[in-house]
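Engineer: prediction below, plus the sequence it came from.
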Amino acid sequence: MEFAVSSVVLLLLLGGLVDIGRSIYVSEALSNAAREGARHGVWYDSANQSHPYLFDAEIKASVDAELASIGLPASVLKNSSTTCPNPTDGNGWHNPPFASSAYPATANQPWLYICYNNTAGVDYTSPATNMGQLDVNVIVLYTYGPLTPLVQSQFGVFRVAVNQHMTVQGS
């Protein structure tokens with residue numbers, strides 16, 4: 001009888017620990033995906049003096065490949081180089097915190113924002129070349145839904161924001 005009562009508590013603790021571990025794992029995976037997307041985009045081909053991967057489709061493909069390696073779904077590109085989500089604290093670097101409307105409404109779906117500074121006259125839907133200095137922000141926003149029903153009923157979903165900012169030097 002005592003084991004039956006205590007096993008319920010132990011199972012709840014175990015489920016909570018699994019959810020915490022999984023949330024940390026997902027957070028690290030999202031960080032890796034944003035970093036790989038930014039690194040892929042800023043690569044400079046010095047022989048041809050160009051940035052062959054500095055456009056939305058290439059960066060998104062790199063982020064999605066990293067997400068797929070751990071079993072997360074492909075990201076949804078939300079802005080197509082136009083704007084970053086506005087931070088709620090007014091910082092100019094597009095770092096978190098972001099408004100609730102910038103996050104996916106459904107759990108376990110990553111949203112991708114790719115933002116550029118110094119963008120006058122540059123088309124980011126095709127490869128960009130000889131652009132000089134450029135700042136790239138790759139932002140992945142994710143709504144994490146816990147697996148354990150008790151954790152989800154008590155705490156709901158969690159919002160995870162990852163921002164990778166890199167500066168590109170060109171010719």
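Structural biologist: Sure, I can see it.

Engineer: which helix or strand in the protein has the lowest average pLDDT?
Structural biologist: Least confident helix or strand of the chain, by mean pLDDT, DSSP states H and E, is strand 128-129 with a mean of 48.

Engineer: what mean pLDDT does the helix ranked longest in the chain have?
Structural biologist: When the chain is parsed with DSSP state H, its longest helix is helix 2-42. Per-residue pLDDT values across helix 2-42 average out to 90.

Engineer: off-centre distance for that helix?
Structural biologist: The chain centre lies 16 Å from the centre of helix 2-42; the measure is C-alpha atoms, centre = their mean, to the nearest Å.

Engineer: swap in stretch 138-147?
Structural biologist: For stretch 138-147, the distance to the chain centre is 8 Å (C-alpha atoms, centre = their mean).

Engineer: how about it: buried residues?
Structural biologist: For stretch 138-147, the neighbour count (16 or more other C-beta atoms under 10 Å) marks Val138, Ile139, Val140, Leu141, Tyr142, Thr143, Tyr144, Gly145, Pro146 as buried. The way it works is simple: take the backbone N, C-alpha and C, and place the C-beta from them, glycine included.

Engineer: ditto for stretch 87-100
Structural biologist: Pro87, His94, Pro96, Phe98.

Engineer: tell me the SS of the third one?
Structural biologist: Assigned by DSSP: H, G, I helix; E, B strand; the rest coil, the conformation of Pro96 is coil.

Engineer: what about it, distance to Leu141?
Structural biologist: According to C-beta to C-beta, to the nearest Å, Pro96 stands 9 Å off from Leu141.

Engineer: what's the answer for the last one, then?
Structural biologist: Between Phe98 and Leu141 the computed distance is 7 Å (C-beta to C-beta).

Engineer: how close does Ala68 sit to Gln109?
Structural biologist: Relative to Gln109, Ala68 is positioned 14 Å away (criterion: C-beta to C-beta).

Engineer: more neighbours, those two?
Structural biologist: Neighbour totals were compared for Ala68 and Gln109, and Gln109 leads with 17 against 12 (other C-beta atoms under 10 Å).

Engineer: adjacent strands (with direction) for the helix or strand hosting Ile139?
Structural biologist: For Ile139, the host element (DSSP states H and E) is strand 134-144. Paired strands of strand 134-144, with direction, are strand 110-117 (antiparallel), strand 158-168 (antiparallel) (DSSP bridges).
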